[in-house]
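*Asks:* Predicted model, plus sequence, below.
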Amino acid sequence: MPKRVVITGMGAVTPIGNDVPSYFEGLRTGKNGVGPLTRFDSTDFKCKVAAEVKDFDPSACFDLLTRRKTDLYVQYAVCAAQEAVDDSKILDGIDRDELGVYAGSGVGGINTICEENKKLLEGGPKMVSPHFVPKMIINIAAGQIAIRFGAHGAAMNLSTACATGSTAVGEAFRAIRDGYLTAAICGGSEAAVNPLAIAGFINCMALSQSQDPEAASLPFDSRRGGFVLGEGAAMVVLEEYEHAVARGAKIYAEVCGYGATCDAHHVTAPDPEAKQTIRAIAMAMDGVAYDPARTYVNAHGTGTKLNDKVETLAFKSYFGEGAKDLHISSTKSMTGHMLGAAGTAELLACVLALQEDLVPPTIHLTSPDPELDLNYTPNTALHTPIDTAVSTSLGFGGHNTCLVLKKAPQ
């Protein structure tokens, strides 16, 4: 018998807030997390803006020595996980053998790779840190979280590029639903605002080259010309429903569906017919009763020409005439594209929508693309009844994921 799965804890480090309350406030008010690049001199770069995490203080989770041994993406991940675990109080009432970790990243410790490569080139092999490998490897966020909380269940890294955060939550959902775990700490993390990553994304023509922070991240707008690189982490605690009820946990929402497919089409471009995006949505929505007028869709919504067109096609194809009644938005308009962290950060936006009957806005949407004619909630949050929330994520390599939430069971 499949188990019901609920969210009992949340944590976030984002460009618009370094914990869940401030992140939610940013979503409500349409806060813009995009600003001028500050991490390095961007004089020679076509891209001048990013959605950086501001005023991040890892000292609550790491002493100075440990901080030196961990990449920034791991620090983001552990701090978000700590908030989620503290919020859920899961450690007070679970067999640690039944607690898993599903934590992913799109690129892992790229800052560490750049730093240590510079040491190698300038000083030779003896200058490379003995902590280099365990500091940068892409699974180490999952490992660090498991060590921190004594989670002896499956501890896995999942990497599906920009769909990573959703994949991590979805696979944890399946593990709990099918009885392999009682609870899991899951989500995504990314810290790739550095010269190498920015140059790579520029040269594959993925990034917006607008120098105006108010006109750079433009999902569904006719002026869109690429995404803005973001960073941060978002984590949730998923838990088997009966276990959560028995220990008196606060339940934020129920996870009701998950779909994962692959376009098998191109390394960066989505399939223009959106067939596998549609199928991922169908898999996640299977058996879920919904009213389009009371449904929020957090779109992947990167602000690239192809993505927004393909997603709109997918929504129209799956929801039919009901697509016009959906409440859709892209919170990447505020956070930029957090890569491996995006899917989980956007799932948290779905929780906000369900809890407060509030649709976060797509900010900067002032010049609608006539081809994209659905309701993308331009510029201002909307208060309206929401019973179902859908989050779609698409990644380089053709990865498609979809998660579906319902209001917390009464």
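*Replies:* On my side now, so go ahead.

*Asks:* hey, let's count contacts and neighbours off CA atoms from now on
*Replies:* Noted.

*Asks:* Surely residue 409 and residue 250 touch.
*Replies:* No - between residue 409 and residue 250 there is no contact under CA atoms under 8 Å: 10.6 Å.

*Asks:* who has more neighbours, those two?
*Replies:* Ranked by neighbour count (other CA atoms under 10 Å), residue 409 and residue 250 place residue 250 first, with 16 against 10.

*Asks:* Could you grab the helix/strand/coil label for that one?
*Replies:* Of the three states, residue 250 takes coil under DSSP: H, G, I helix; E, B strand; the rest coil.

*Asks:* separation between it and residue 402?
*Replies:* 24 Å (CA to CA, to the nearest Å).

*Asks:* what's the answer for residue 124, then?
*Replies:* 46 Å.

*Asks:* which of the two has more neighbours?
*Replies:* residue 402 (31 against 11).

*Asks:* Is that one within a helix or a strand, and which one?
*Replies:* strand 399-407 (DSSP states H and E).

*Asks:* Repeat that for residue 31.
*Replies:* Short version, using DSSP H and E: residue 31 is in no helix or strand.

*Asks:* How about the contacts made by the closest residue in space to it that isn't next to it in sequence?
*Replies:* The shortest distance from residue 31 to any non-neighbouring residue, by CA to CA, 6 or more residues apart in numbering, is to residue 334 (6.0 Å). Residues counted as contacts of residue 334 (CA atoms under 8 Å, 6 or more residues apart in numbering) are 16, 27, 30-34, 217, 362-363.

*Asks:* try 7 Å
*Replies:* 30-34, 363 (CA atoms under 7 Å, 6 or more residues apart in numbering).

*Asks:* Please spell out the PyMOL selection for the buried subset of the residues you listed.
*Replies:* Typed into PyMOL, the line below selects the buried ones among the contacts of residue 334, using 16 or more other CA atoms under 10 Å:
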select buried, resi 30+31+32+33+34+363
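
*Asks:* Looking at the contacts of residue 334, spot the one nearest residue 55.
*Replies:* Residue 55 lies nearest to residue 33 out of the contacts of residue 334, by CA to CA, at 12.5 Å.

*Asks:* Now do the closest one against residue 221, distance only.
*Replies:* Taking CA to CA, one finds residue 33 at 18 Å from residue 221.

*Asks:* And for residue 138?
*Replies:* Residue 138 is 34 Å from residue 221, by CA to CA.

*Asks:* Likewise for residue 165?
*Replies:* 25 Å.

*Asks:* More neighbours: those two, which one.
*Replies:* residue 165 (37 against 25).

*Asks:* Pull the residues that contact the helix or strand hosting residue 350.
*Replies:* Under the criterion of DSSP H and E, residue 350 resides in helix 342-356. Helix 342-356 is touched from outside by 24, 162-166, 187-188, 234-235, 252-253, 298, 331, 358-359, 386-387, 389, 391, 393, 407, with contacts defined as CA under 7 Å, 6+ apart.

*Asks:* list the contacts for residue 215?
*Replies:* residue 364.

*Asks:* What does the pLDDT read for it?
*Replies:* Looking at residue 215, its pLDDT stands at 97.

*Asks:* distance of the residue sitting nearest the centre point of the chain from residue 324?
*Replies:* Nearest to the mean C-alpha position of the chain, by CA atoms, centre = their mean, lies residue 342 at 2.2 Å. Going from residue 342 to residue 324 by CA to CA gives 25 Å.

*Asks:* And the strands in the stretch 251-400 of the chain?
*Replies:* 253-262, 295-298, 327-329, 358-359, 382-383, 388-395, 399-407 (DSSP state E, counting those that start in this stretch).

*Asks:* circling back: look up how far residue 51 lies from the residue nearest to residue 31.
*Replies:* 8 Å.

*Asks:* Identify the contacts common to those two.
*Replies:* With CA under 7 Å, 6+ apart as the test, residue 334 and residue 51 both reach 33-34.

*Asks:* Strands of the stretch 1-150 of the chain, residue ranges please.
*Replies:* 5-13, 35-36, 49-50, 99-104.

*Asks:* Quick check: which of the ones you listed is nearest to residue 65?
*Replies:* strand 5-13 (21.5 Å).

*Asks:* the bottom helix or strand of the chain by mean pLDDT?
*Replies:* In the chain, no helix or strand scores lower on mean pLDDT, DSSP states H and E than helix 64-68, which sits at a mean of 92.
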